[in-house]
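J.: Take a look and give me a structure for this.
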Amino acid sequence: MQIPKGKKIYFASDNHLGAPTKALSLPREKKFVAWLDMVKEDAAAIFLLGDMFDFWMEYKRVIPKGFTRTLGKLAEISDSGIPIYYFVGNHDLWMDGYFEEELNIPVYHKPKEFTFNNKTFFIGHGDGLGPEDKGYKRMKKVFTNPVAKWLFQRLLHPDFALRLGQYMSVKNKMISGDDDAKFLGDDKEWLVQYCKRKLETKHRDYFVFGHRHLPLNINLGNNSKYVNLGDWIQYFTYGVFDGENMELKDY
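T.: Got it, this is the predicted structure:
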């Protein structure tokens, strides 16, 4: 993609809308919608890197109640011709066609490479990458198993299933936005290690992830950087690429 003059590419991640309650989440949702209104003025594209909802599951004819402001704004922006790309996170693994069919937003379940103005970006949510986190990797295999998903949806009424899923998601410390999320150092940050291993086989200018709930901009050497977008719980940070440079900004 060649970015038109005066246009930018925007990135955001980890809103966890709906957590810890609908009422407490609403001000954050309104703030995010205001951000979308701002960036649509000069956006060449918008990338949402997962966990926009604290829990999301799609049935054939049922989706979670709420989030009307966000979904409506995404539809408006998509209809205006600005492309939006969505990468599922660990809290919204069970996306299954709704965004593509209703919002014309492609959904990716794995990291993907893009090129903007001859700069190569490797983009994804960031969960389950790197040499560790083996417990989560095993759990993710269960959650994404088609049989397990079918049983969960067929044996439980949607009202109960969505309530249970929301309860379990809120219990996850990664949505707390508190001091649990601390930079561990390059040698212990799994995503840093993952990026360095990927660079052994191919150069990328930027690795852009979410998941860690920390705004990070780390030089990997050889003109390559790892950018973590932070979150919309505590930091309200986002990434912006102007065609030449990638920055983290506060909203």
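J.: which outside residues touch stretch 121-128?
T.: By Cβ atoms under 8 Å, 6 or more residues apart in numbering, the residues outside stretch 121-128 that reach it are 11, 13, 47, 49-51, 85, 87-90, 108, 110-115, 133, 136-137, 140, 191, 195, 198, 204-212, 228, 241. For every residue, glycine as well, the C-beta is placed using N, CA and C.
J.: For PyMOL, write the select line for the buried members of these.
T.: Buried subset of those, written as a PyMOL selection, criterion 16 or more other Cβ atoms under 10 Å:
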select buried, resi 11+13+47+49+50+51+85+87+88+89+90+108+111+114+191+195+198+204+205+206+207+208+209+210+211+212+228+241
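J.: Okay, and which of the contacts of stretch 121-128 map to strands?
T.: The strands, defined by DSSP state E, take in 11, 47, 85, 87, 108, 112-115, 206-209, 228, 241 from the contacts of stretch 121-128.
J.: which neighbours does the helix or strand containing Ala44 have in its sheet, and in what orientation?
T.: Per DSSP states H and E, Ala44 falls inside strand 43-48. Applying DSSP bridges to the sheet, strand 43-48 is found paired with strand 8-12 (parallel), strand 84-87 (parallel).
J.: Met1 is in contact with Phe114, isn't it?
T.: Yes - judged on Cβ atoms under 8 Å, Met1 makes contact with Phe114 at a distance of 6.9 Å.
J.: what separates the residue nearest to Met57 when sequence neighbours are not counted from Glu247, distance-wise?
T.: Nearest residue to Met57, sequence neighbours excluded (Cβ to Cβ, 6 or more residues apart in numbering): Trp94, at 4.4 Å. To Glu247, Trp94 is 33 Å away according to Cβ to Cβ, to the nearest Å.
J.: cool, Leu129 as well?
T.: Separation of Leu129 from Glu247 (Cβ to Cβ) stands at 23 Å.
J.: More neighbours: which of those two?
T.: Per other Cβ atoms under 10 Å, whichever of Leu129 and Glu247 has more neighbours is Leu129, with 22 against 12.
J.: OK, contacts around the more buried one?
T.: By Cβ under 8 Å, 6+ apart, the neighbours of Leu129 are Pro111, Trp190, Leu191, Tyr194, Phe209.
J.: Swap in 6 Å and give it another go.
T.: Residues in contact with Leu129, defined by Cβ atoms under 6 Å, 6 or more residues apart in numbering, are Tyr194.
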